[in-house]
Every structure is written in C-alpha cells, then in structure tokens.
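1. Sequence unavailable; structure follows:
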C-alpha cells in the first residue's frame, strides 16, 4: 500500500509453511475472526461473468494467507495477451502491479507511459521497502470484465539504481515473485487510483512517480491522474462501483487450500446485491475506519493483502527465530476491536461494533502444512497506530467495498460485512 495513501498494512511472507524457512515483512499491500452480518463464500459454484475464483493455497512461494486470482493482460486493442495466475487480491491498495518475469510473454507489447518524453515509473513505498518499475498501458481482463487502456505498474523492469530519492531512498527492493510472495498485486480497494491529486498537483517531492529519460537518471515528477496506476474496477463498463470478497469459514487448525469468490459491482446485478442486514461503515478515501483497541482510539482497516491480523499488544509474546514478527501465545487467545464509520473530527469508536480476533501460536500454525489460517496474528512494533484486520478476518465473511465516487458527485467509500 502506497505511503502516499498512508497505508499501513502488512504481509509477512513466510516462505515454506512447513519449515519457517524465511520471514520477510512487506508493508504494501477465518472462521474465528470477527462478527457481523453476511454469510461466508463458497468456491463450489462456477463464477459468473462478473466473478472470479479466489484461491488461498501454496501459491508461488508457499506463503500463508495469500488470496489469488488469474488476470489476463493484453496489448491495448489487440489479441496479444497473457494470463498470469497467482495475482494477490489486495483490498487495501489500488491498481494492478505485475512482476516483469511473470508477464514476459506480453511485456514487450505493452506501451510505456511517458511524461514530457521521459519514461514514467513509480516507486510504491511500503514500511520496509518498495516496488519499483515502469508504468505501462494494457487491457486488463478478469473473468468477463475488461478495463481497457489501463495504466499498470510492471515491477522489476527498471534499473535498480535509477531511483535514489524520496520514499525509495532506503529499504529493500521487492521486485520478483519470490519477494512479493505472488506474481503481482491486484489492488481493488475503495480508491479509483493509487495517488490522485497528491501526485497530480503540488510538490513533485511528494509524488511516488518518476520521470526517467532513457530509462535512467530518474527524478520525481507530477503526473496526471489519467496516467496513474488505476484500480481496474473503476474502469469496468458496468460493474465498476465496488467489489465483494467472499470466503468460506475454516477450522482453527486451518486448511491447505480454500476457494472463494471476488464479485465485481455492488447492486448492479442479481448476484451482487448489498443486503440490508450487513454492517456498513463509511471509510475515508483509503478504506480506513475509526476504531477502539485496548481502551484507546486507533484506526482500523479490512485488508485481504495482509496475511495476518496486525496490531500492537505488549501482553502477547512474540515467536522466536524467523517467526518473531508473529505472536505465539501458549494457547489460543482473543482480542477485541470496536469499529465505526470514519470521522476525522472524532477519535475511537465509542458504541461501535465489536469484532473478535482469534490468535493462535504462529510457530505451530505455520508448521502444520496449511496455507489458509484464520488465527494468525503479528505485530509491527510499538509504534503502530492501527489495527489491521487482515486475511484471517475474511474466512467466514462476505466483505463489500464501495468505490469512492465522491469526486464525480457519487457516493462516498464504504466497507460492509
């Protein structure tokens, strides 16, 4: 999740669920987690034209709780296409980012975006590192939906030493499927693009975009919204006002593979109606809501791009060794967070809805051979000022994300479950 949009969510990529071989933290991008209305999803029914099957399994790097779909990328207006599997579904980022190695068959046919004759690239900054690569134009197809002429980011196709300023002056590069834990990231959150006015006007020093003459010597630049990495859902012909992520419930020990459904559009077809019984929370432009946790005010968000619950609780013991980012209580425990609609003028969520997070021993969970886990939780350290309701929350829930259409006189963004 771009720091331009103040994203805080996390993916701790545990490579080798059976052996806890490596843990790296990426700030990007569940039957036992939470309450609320809306039933769990099922992958048993073939998806309709506005639906895609979501799979949580071993993926490309044996990382727990990575929901993925297949995305077809085409040279604009042509049949020169490649279908890329194992693209992570991320409800707290905005736009499509694909590793260059995963799109090698079509990459040479995708036009490069430019600013004043210089190649356009982006540094998408996360808490501990960044993705870096060119902006290109593609026709993007997901199931029966198409976003034509969509600006996307190709990760890892630019010289690594070309970007040395701004948010990308420190931290680790995450340029490959091995580093990302997936072949790419499909950001389908509530924002229509990944930077908006911050990168279109004002100071170039606040922009995540770079102008790169001859593909090198890159400098930060302002860029029109039309050239920014764009949420593909906002460009669909009809089902363009939001998404619904529905996953089945699983047991506390988890499952090796789980399938659910990503549905495009809300109240646009018979299969995407928003029930009157759901809890609906207005969010800010980036999907955040008000929350209260451990007796204090905080921000929260619902993020399929995080593979665990993330929050700070000094009373919970961390695991040791490579899994030290996760919590390892002796037995399963719970923590509550109250959530309410976003209100910039108030703090916390007094009288809000209480959600319960189930927390198991991560060292044990990550060695049981299962990749779908509904009680995996971790911490980003004592400086964290948010509760990240990550992928564990989604098991057993149907979660609705209403697109921010306020800029064109439409509805405000929301999340419902």
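-> Good, I have the coordinates. Quick caveat, the model's predicted, so the values are computed rather than measured. Numbers count the residues shown, from 1 in each chain.

2. Now the residue nearest the centre of the chain: closest residue in space that isn't a chain neighbour?
-> For the chain, the residue nearest the mean C-alpha position is residue 90 (2.3 Å; CA atoms, centre = their mean). Among residues not flanking residue 90 along the chain, residue 305 sits closest, at 3.2 Å (CB to CB, 6 or more residues apart in numbering). For glycine as for every other residue, the C-beta is placed from the backbone atoms N, C-alpha and C.

3. Next SSE downstream of the least confident helix or strand in the chain by mean pLDDT?
-> In the chain, no helix or strand scores lower on mean pLDDT, DSSP states H and E than strand 22-26, which sits at a mean of 32. For strand 22-26, the following helix or strand on the C-terminal side (DSSP states H and E) is strand 51-56.

4. so what does that following strand touch, helix or strand wise?
-> On a contact count with 3 or more CB pairs under 8 Å, 6 or more residues apart in numbering; DSSP states H and E, strand 51-56 meets strand 67-74, strand 258-264.

5. average model confidence for it?
-> Average pLDDT, strand 51-56: 98.

6. so what strands line up beside that strand?
-> If you go by DSSP bridges, strand 51-56 pairs up with strand 67-74 (antiparallel), strand 258-264 (antiparallel).

7. Just send these back as JSON lines, with mean pLDDT too.
-> Compiled in JSON lines, those are given as follows (pLDDT from 0 to 100):
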{"stretch": "strand 67-74", "mean pLDDT": "98"}
{"stretch": "strand 258-264", "mean pLDDT": "98"}
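
8. picking up where we left off before, roughly how far apart are the residue nearest to residue 90 and residue 201?
-> Residue 305 is 28 Å from residue 201, where distance means CB to CB, to the nearest Å.

9. Which one's more surrounded, the two?
-> Neighbours per residue (other CB atoms under 10 Å) separate residue 305 from residue 201, with residue 305 holding more: 31 against 12.

10. can you confirm the more buried one is in a helix?
-> No. Assignment of residue 305 by DSSP: H, G, I helix; E, B strand; the rest coil gives coil, placing it outside any helix.

11. Give me the distance between it and residue 113.
-> Distance of residue 305 to residue 113, given as CB to CB: 24 Å.

12. Likewise for residue 413?
-> Taken as CB to CB, the span from residue 413 to residue 113 is 26 Å.

13. With residue 102 instead?
-> 20 Å.

14. burial count for residue 324?
-> For residue 324, the neighbour count with other CB under 10 Å is 14.

15. Skipping its backbone neighbours, what lies nearest it in space?
-> residue 318 is the one closest to residue 324 (CB to CB, 6+ apart), at 5.3 Å.

16. can I assume that neighbour is in contact with residue 359?
-> No. With contact defined as CB atoms under 8 Å, residue 318 does not count as touching residue 359 (11.7 Å).

17. Give me the more crowded residue out of the two.
-> Using other CB under 10 Å as the criterion, residue 318 and residue 359 rank with residue 359 on top: 26 against 14.

18. Can you give me the pLDDT of the more buried one?
-> Model confidence at residue 359, given as pLDDT, is 98.

19. Give the buried residues for stretch 107-123.
-> Neighbour-count burial for stretch 107-123, with 16 or more other CB atoms under 10 Å as criterion, is recorded at 107, 109, 110, 113, 115, 118, 119, 120, 121, 122, 123.

20. Is it possible to get a markdown table of the residues you listed that adds secondary structure?
-> Listed next are the buried residues of stretch 107-123 as a markdown table, based on three-state DSSP:
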| residue | secondary structure |
| --- | --- |
| 107 | helix |
| 109 | helix |
| 110 | coil |
| 113 | coil |
| 115 | strand |
| 118 | strand |
| 119 | strand |
| 120 | strand |
| 121 | strand |
| 122 | strand |
| 123 | strand |
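
21. sorry, back to before: now do the shared contacts for residue 318 and residue 359.
-> Residues touching both residue 318 and residue 359 comprise residue 327, with contact defined as CB atoms under 8 Å, 6 or more residues apart in numbering.

22. quick one: low-confidence parts of the stretch 101-250 of the chain?
-> Low-confidence segments of the stretch 101-250 of the chain (pLDDT under 70): 126-129, 160-171.

23. got the residue ranges for the helices in it?
-> 177-180, 197-200 (DSSP state H, counting those that start in this stretch).

24. for those, which one sits closest to residue 313?
-> Closest of those to residue 313 is helix 177-180, at 27.9 Å (criterion: CB to CB).

25. and the closest one, how far from the chain's centre?
-> Counting by CA atoms, centre = their mean, to the nearest Å, helix 177-180 is centred 15 Å from the centre of its parent chain.

26. what do you get for stretch 304-318?
-> The chain centre lies 17 Å from the centre of stretch 304-318; the measure is CA atoms, centre = their mean.

27. ok, now how distant is the residue nearest to residue 182 when sequence neighbours are not counted from residue 270?
-> The shortest distance from residue 182 to any non-neighbouring residue, by CB to CB, 6+ apart, is to residue 88 (4.0 Å). Going from residue 88 to residue 270 by CB to CB gives 29 Å.

28. Same drill for those two, tell me which one is more crowded.
-> Each of residue 88 and residue 270 has its neighbours counted (other CB under 10 Å); residue 88 has more, 27 against 7.

29. helix/strand/coil for that one?
-> Residue 88 ends up strand, using three-state DSSP.

30. Just list whatever residues bridge to it.
-> residue 68, residue 185.

31. Check the gap between it and residue 112 for me.
-> Distance of residue 88 to residue 112, computed by CB to CB: 24 Å.

32. so who does the residue nearest to residue 324 touch?
-> Residues in contact with residue 318 (CB under 8 Å, 6+ apart) are 324, 325, 326, 327, 328, 379.

33. tell me the contacts of residue 274?
-> Applying CB under 8 Å, 6+ apart to residue 274 gives the contacts 266, 267, 280, 400, 416.

34. Show me the two of the residues you listed that sit farthest apart.
-> 267 and 280, at 12.2 Å, using CB to CB across those.

35. Comparing these two, which shows the higher neighbour count?
-> residue 280 (15 against 12).

36. my read: the more buried one touches residue 413, true?
-> No. Counting by CB under 8 Å, residue 280 does not reach residue 413; the two are 11.1 Å apart.
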